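# structure for this input, please:
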Amino acid sequence: MTITIWLSLFTICILGAMSPGPSLAMVAKHSLTGGRGNGLATAWAHALGIGVYAFVTLIGLAVVLQQSPLIFKAISYCGAGYLAYLGYNALRSKGGVAAKLESGEETSLWQSAKEGFLISILSPKIALFFIALFSQFVAVGDSLTAKLVIVLTPLVIDGLWYTTITFLLSSPRLLDKIRSKAQLIDRLSGIVLILLALRVVMTV
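Now for the predicted structure:
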């Protein structure tokens, strides 16, 4: 793999990581309610999910999904269902930012990591990203080193991006201001997540 091809891969991956969506909402929620440790657990579990997608795309997932619309629809509908579930809970503040802060309940690192991983694996947006954009780099993975680079690049970029988000959101200077708007954040994130779920269902 040449440096030019890797830079193209890097650019696509960083643009994909930076695009707003349910992943950002999930990392933000755990950063605000659990603190930096929970945010980092969510971020890197999400990145692990990205790495899994990169790996299975490398071994042929993109081809399978393109040739089997039913499999892609199943993944999309599961993802839409999960987004709707998260959005509904956020609107009711059950498990949302406001509810966690009011109850003083601590979220375990395992719970944060689990939700980060699931939002990654069940996201149709991420599946489409790997089918439409990432799969073009599979052909250049003709050596073990190239294959490792193809898998690790999106994983590390995603983890570092959401680590940055976690550090920004868990800054003491911003945290009190953000927490004072916890219920508003829940309402907005709930609406966004449900709209994303509807969009997935309508476009599958």
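# got the contact list for the nearest residue in space to Ile121 that is not next to it in sequence?
Spatial nearest neighbour of Ile121, excluding adjacent residues (Cβ to Cβ, 6 or more residues apart in numbering): Gly49 at 4.6 Å. C-beta: built from backbone N, CA, C; applies to glycine. For Gly49, the contact set (Cβ atoms under 8 Å, 6 or more residues apart in numbering) comprises 116-121, 126.
# how much space separates Gly49 from Ser19?
As judged by Cβ to Cβ, to the nearest Å, Gly49 and Ser19 stand 16 Å apart.
# next one: Tyr53
Applying Cβ to Cβ to Tyr53 and Ser19 gives a distance of 15 Å.
# comparing those two, which residue is more hemmed in?
Between Tyr53 and Ser19, Tyr53 has the larger neighbour count (other Cβ atoms under 10 Å), namely 25 against 11.
# so that one touches Pro124, yeah?
No - applying Cβ atoms under 8 Å, one finds Tyr53 not in contact with Pro124, separated by 11.7 Å.
# let me see the mean pLDDT of the host helix or strand of Ala146.
In the assignment (DSSP states H and E), Ala146 maps to helix 144-169. Helix 144-169 comes out with an average pLDDT of 88.
# quick one: it to chain centroid distance?
12 Å (Cα atoms, centre = their mean, to the nearest Å).
# mind checking what helix or strand follows the helix or strand of the chain with the lowest mean pLDDT in sequence?
In the chain, no helix or strand scores lower on mean pLDDT, DSSP states H and E than helix 97-103, which sits at a mean of 53. Sequence-wise, the next helix or strand downstream of helix 97-103 (DSSP H and E) is helix 109-121.
# show me how far that next one is from its chain's centre.
9 Å.
# put the buried members of the contacts of Gly49 into a PyMOL selection.
Buried residues among the contacts of Gly49 (16 or more other Cβ atoms under 10 Å), as a PyMOL selection:
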select buried, resi 116+117+118+119+120+121+126
